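J.: coordinates only, sequence not included:
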């Protein structure tokens with residue numbers, strides 16, 4: 001008998017945990033594994049009897065590290081950073097979210113070491129503030145770090161332009177910026193914006209922000225500002241937002257306030273509000289500040305310019321905008337436009353230089369970027385990476 005056909009006995013609870021962690025029903029897992037009868041999956045979860053080959057398939061189909069399946073009990077598979085997803089009933093992190101965080105942590109660790117070896121000074125704005133600071137001061141520091149002048153959003157033609165400006169400026173400050181809607185470069189593993197919208201990894205040498213680009217463009221703008229605020233108070237964590245309602249966590253409340261002030265400064269907002277003669281001021285605010293009308297309405301509510309009832313009535317009418325039912329903008333299917341922010345210009349430049357200087361093996365570069373062979377070799381030219 002082939003060793004791979006050998007029957008072994010594993011813990012039934014662990015096998016069930018792997019399936020449920022991947023959010024698969026027994027029939028769905030059976031189909032992915034090429035098993036005709038879903039009852040066979042249920043039998044594994046009752047008695048633990050399974051072949052070595054089937055264990056390997058199970059690990060692959062559920063995105064579970066193989067060693068986990070040989071554990072005596074289901075692993076404590078928590079996020080390695082603070083989980084700020086505080087909505088009631090929030091499920092455990094999916095394999096997609098976990099793998100995305102782990103990949104970004106590996107990128108950050110390598111970049112940090114590379115910068116320290118090169119003698120680069122730490123960034124002074126990371127951790128410069130605390131939760132006892134004023135959100136307005138943090139928002140002002142965010143604009144200063146990105147070299148944005150008052151009224152900067154009013155000079156942009158579209159949300160896409162405004163978002164790209166912030167991305168470029170943030171990358172230029174020394175922050176690793178990543179926008180992605182899938183796990184790595186695996187288009188079959190789409191990230192769910194209902195699970196998370198972004199996260200921040202605070203570090204004085206290689207801070208990183210990740211935005212789930214499966215979300216719609218206006219939400220991405222708020223997420224990016226929110227995660228930047230996390231860096232200024234040096235609080236790493238995964239975030240999500242629900243109707244822009246006040247969060248129960250003080251850190252998230254603080255970062256929400258700083259992000260709102262960064263995007264829609266209170267003084268500018270009040271002045272514009274008092275001059276607005278339109279019956280729908282939120283649309284005018286959207287065009288001026290390059291935020292969604294939901295964010296505009298929320299800001300008006302926070303500044304006590306509209307009542308709570310008015311805000312929620314407006315939200316009910318415009319809920320599609322925030323909940324992502326409207327079409328999401330993309331890069332028109334352009335592979336390299338997508339790769340630019342999946343990898344990040346700063347990180348791509350560092351990786352290319354490390355390979356060319358023989359400080360990094362191609363295999364490691366491929367794992368970091370998700371690009372291989374000729375595609376990796378084309379990256380400097382396609383992304384405009386200086387060599």
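T.: Structure received. Because the structure is predicted, anything quoted here is derived from the model rather than measured.
J.: residue 237 and residue 251 touch, don't they?
T.: Yes: counting by Cβ atoms under 8 Å, residue 251 is a contact partner of residue 237 at 7.2 Å. Backbone N, C-alpha and C define where each C-beta goes, glycine included.
J.: isn't residue 212 up against residue 183?
T.: No: using Cβ under 8 Å, residue 212 is not in contact with residue 183, being 11.1 Å away.
J.: what sits in contact with each of the two?
T.: Both residue 212 and residue 183 are in contact with residue 191, where contact means Cβ atoms under 8 Å, 6 or more residues apart in numbering.
J.: check which helix or strand residue 225 maps to.
T.: Using DSSP states H and E, residue 225 sits within helix 217-232.
J.: so how far is that helix off the chain centroid?
T.: The chain centroid and the centroid of helix 217-232 are separated by 10 Å, computed with Cα atoms, centre = their mean, to the nearest Å.
J.: who are the packing partners of whichever helix or strand comes after it?
T.: Next helix or strand after helix 217-232 toward the C-terminus (DSSP H and E): strand 237-239. Counting contacts by 3 or more Cβ pairs under 8 Å, 6 or more residues apart in numbering; DSSP states H and E, strand 237-239 is packed against strand 198-201, helix 217-232, helix 250-263.
J.: quick check: next helix or strand after the first one?
T.: Along the chain past strand 198-201, the next helix or strand (assigned with DSSP H and E) turns out to be strand 208-212.
J.: re earlier: out of residue 237 and residue 251, which sits in the more crowded spot?
T.: Ranked by neighbour count (other Cβ atoms under 10 Å), residue 237 and residue 251 place residue 237 first, with 21 against 18.
J.: tell me the mean pLDDT for stretch 46-55?
T.: On average, the pLDDT along stretch 46-55 is 94.
J.: how long is it end to end?
T.: 15 Å (Cα to Cα, to the nearest Å).
J.: report the buried residues of it.
T.: Neighbour-count burial for stretch 46-55 flags 48, 50-51, 54-55 (criterion: 16 or more other Cβ atoms under 10 Å).
J.: kindly report the same for stretch 248-266.
T.: The neighbour-count check on stretch 248-266 (16+ other Cβ under 10 Å) flags 249, 251-252, 254-265 as buried.
J.: contact partners for the nearest residue to residue 10 once chain neighbours are set aside?
T.: Excluding the flanking residues, the one nearest residue 10 by Cβ to Cβ, 6 or more residues apart in numbering is residue 48, at 4.7 Å. Residues in contact with residue 48 (Cβ under 8 Å, 6+ apart) are 9-12, 15.
J.: measure residue 48 to residue 34 for me?
T.: According to Cβ to Cβ, to the nearest Å, residue 48 stands 20 Å off from residue 34.
J.: and the gap between the residue nearest to residue 10 and residue 114?
T.: The spacing between residue 48 and residue 114, counted by Cβ to Cβ, is 45 Å.
J.: with residue 181 instead?
T.: For residue 181 relative to residue 114 (Cβ to Cβ), the value is 27 Å.
J.: next: residue 335.
T.: When Cβ to Cβ is the yardstick, residue 335 and residue 114 sit 27 Å from each other.
J.: of these two, who's got more company?
T.: Per other Cβ under 10 Å, whichever of residue 335 and residue 114 has more neighbours is residue 114, with 18 against 10.
J.: secondary structure class for the more buried one?
T.: With DSSP: H, G, I helix; E, B strand; the rest coil as the basis, residue 114 sits in helix.
J.: so after the helix or strand of the chain with the lowest mean pLDDT, what's the next helix or strand?
T.: The helix or strand of the chain with the lowest confidence, counting by mean pLDDT, DSSP states H and E, is helix 308-323 at a mean of 76. Next along the chain after helix 308-323, taking DSSP H and E as the criterion, comes helix 335-343.
J.: can you give me the buried ones in that following helix?
T.: 338-343.
J.: cool, stretch 31-43 as well?
T.: Result for stretch 31-43 [16+ other Cβ under 10 Å]: buried residues 33, 35, 41-42.
J.: can you pull the contacts of residue 285?
T.: Neighbours of residue 285 in contact, by Cβ under 8 Å, 6+ apart: 264, 269, 272-273, 276, 291, 293, 296, 299-300.
J.: can you pick out the most distant pair from these?
T.: 276 and 291 (15.0 Å; Cβ to Cβ).
J.: counting neighbours, go ahead and name the busier of those two.
T.: More crowded of residue 276 and residue 291, by other Cβ under 10 Å: residue 291, with 25 against 15.
J.: tell me the spacing between that one and residue 311.
T.: Distance, residue 291 to residue 311, by Cβ to Cβ: 15 Å.
J.: for residue 24, same thing?
T.: Applying Cβ to Cβ, the value for residue 24 to residue 311 is 39 Å.
J.: could the buried residues of helix 335-343 be laid out in CSV, adding pLDDT?
T.: Shown next, in CSV, are the buried residues of helix 335-343 (pLDDT from 0 to 100):
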residue, pLDDT
338, 92
339, 94
340, 94
341, 95
342, 96
343, 96
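J.: tell me which of these is nearest to residue 20?
T.: When these are compared against residue 20 (criterion: Cβ to Cβ), the nearest one is residue 342, at 29.1 Å.
J.: wait, doesn't that closest one sit right on residue 179?
T.: Yes: look at residue 342 against residue 179 with Cβ under 8 Å: they come within range, at 7.0 Å.
J.: so for the buried residues of stretch 31-43, which is the shakiest by pLDDT?
T.: Among the buried residues of stretch 31-43, residue 35 has the lowest pLDDT, at 90.
J.: surely it is in a strand?
T.: No: under three-state DSSP, residue 35 falls outside any strand and is assigned coil.
J.: correct me, but residue 336 touches residue 382?
T.: Yes: proximity of residue 336 to residue 382 meets the contact threshold set by Cβ under 8 Å, at 4.3 Å.
J.: OK, contacts around residue 210?
T.: 100, 104, 178-180, 198-201, 227.
J.: any chance of those residues in JSON lines, plus pLDDT and distance to residue 84?
T.: As requested, these are exported to JSON lines (pLDDT from 0 to 100; distance: Cβ to Cβ, whole Å):
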{"residue": "100", "pLDDT": "97", "distance to residue 84": "16"}
{"residue": "104", "pLDDT": "98", "distance to residue 84": "16"}
{"residue": "178", "pLDDT": "97", "distance to residue 84": "18"}
{"residue": "179", "pLDDT": "97", "distance to residue 84": "19"}
{"residue": "180", "pLDDT": "97", "distance to residue 84": "19"}
{"residue": "198", "pLDDT": "96", "distance to residue 84": "10"}
{"residue": "199", "pLDDT": "98", "distance to residue 84": "9"}
{"residue": "200", "pLDDT": "98", "distance to residue 84": "10"}
{"residue": "201", "pLDDT": "98", "distance to residue 84": "13"}
{"residue": "227", "pLDDT": "98", "distance to residue 84": "11"}
